[in-house]
Every structure is written in structure tokens, then in C-alpha cells.
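Enquirer: requesting a structural model of the entry that follows:
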Amino acid sequence: MKKIPSFTIDHIHLLRGIYVSRQDQVGTETVTTFDIRMKEPNREPALSPSAIHTMEHLAATFLRNHPVWADKIIYWGPMGCLTGNYLVVKGDLTSRDILPLMKETFSFIAGYEGEVPGATPRDCGNYLLMNLPMARWEAAKYLHEVLEQASEENLTYPAAEA
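Expert: Here you go, the predicted structure:
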């Protein structure tokens, strides 16, 4: 059985950051999938389901309405391990290319007040699984500790050990 590329990343040494998870050709277009890693895997507690669900609603709304990036955004959603999110974008892009966009996104989440978009029984399959205060806290932590200080080690996957 073929190994899934994301399962070959060295999660033991993976830091919080933004990483190019994969790039695919869809017709004539390159599509880039980013690993928006908010927690160090297996070394710190994962995001709570209610916080990451809230961040999903806020980030997806922000990104799909962004004046520059909206037409390039394909998908934003949480990882099953709850240590981050995946962002799928049209274009042959690098982590550095989207760093300013991620700063904007997490600043938006950290400062968001009001009703969470799409958090109604009509619009969401689990609308009660929301925690805006925790989503704001986690977004601010990631913004200040990682995105505003990002270095190469936060933007390039760690090399696999032999």
C-alpha cells in the first residue's frame, strides 16, 4: 500500500509554523496545500474541538471574503489530529507567500467579536460545538508566538532522519 506523503513528515521534530504539505497539478493549475501547524505534535496539548471548529468558521469566512485572495482559496479545515489546519490554495506558492495572509487571518480571529458566522442549526452540523473565547486565545498565541516571529524552521518541514 502506498504511503500517504503527510505521514512521512517527521512529527517528532515538527514545530509550529506554516508548511507546504503538497502541490498538485489540476488541469493546468497548480494547487498548493499548506499545513498550518498550531501545536507541536505529541509534545503539547492539541486544540480543543470547540476552539478549532470556531476558528474553522472564522478563517473560512475571512479567507473566502479576502479582497486579494478570495478567488484563490479552495479550502480551510481542521486536521484530524487537532494540531492545526489545512489550507488549499490555487497557485504555485511557498510558505513565505502566504505568511502575511496568515497573519491577517489569525489577527482577525484573535480580535473577532460577535456571532460566529454559520453557527446556527440551519448552517452547521454541530453549531453548539463553538468556543469563541478559546478560539481567540489560541489564534492570538499562534499569531504572536509563531507567525510574527517566523523563521525558516517554521516555514520548511524538518528533514527526515535516516
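
Enquirer: excluding its backbone neighbours, what's nearest Ala70?
Expert: Taking C-beta to C-beta, 6 or more residues apart in numbering, and ignoring the residues beside it in sequence, Ala70 has Arg64 as its nearest neighbour in space, at 5.7 Å. (Glycine included, C-beta is placed from N, CA and C.)

Enquirer: you'd agree the one you found is up against Tyr75?
Expert: No - judged on C-beta atoms under 8 Å, Arg64 makes no contact with Tyr75 at a distance of 9.9 Å.

Enquirer: where does this structure dip in pLDDT?
Expert: Judged by pLDDT under 70, the chain has its weakly predicted residues at 2-7, 160-162.

Enquirer: show me where it has strands.
Expert: Chain-ordered strands for the chain, with DSSP state E as the definition, fall at 17-26, 29-37, 73-78, 84-90.

Enquirer: got the angle between the third one and strand 17-26?
Expert: The reference is to strand 73-78. Note on geometry: by axes from the mean of the first three to the mean of the last three C-alpha atoms, to 10 degrees, strand 73-78 and strand 17-26 are set 130 degrees apart in direction.

Enquirer: from the contact counts, what lies against strand 73-78?
Expert: Other elements packing on strand 73-78 under the criterion 3 or more C-beta pairs under 8 Å, 6 or more residues apart in numbering; DSSP states H and E are helix 49-64, strand 84-90.

Enquirer: got a markdown table for these, with mean neighbour count and distance to Glu40 too?
Expert: As requested, these are exported to a markdown table (neighbours: other C-beta atoms under 10 Å; distance: least, C-beta to C-beta, whole Å):
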| stretch | mean neighbour count | distance to Glu40 |
| --- | --- | --- |
| helix 49-64 | 21 | 16 |
| strand 84-90 | 20 | 10 |
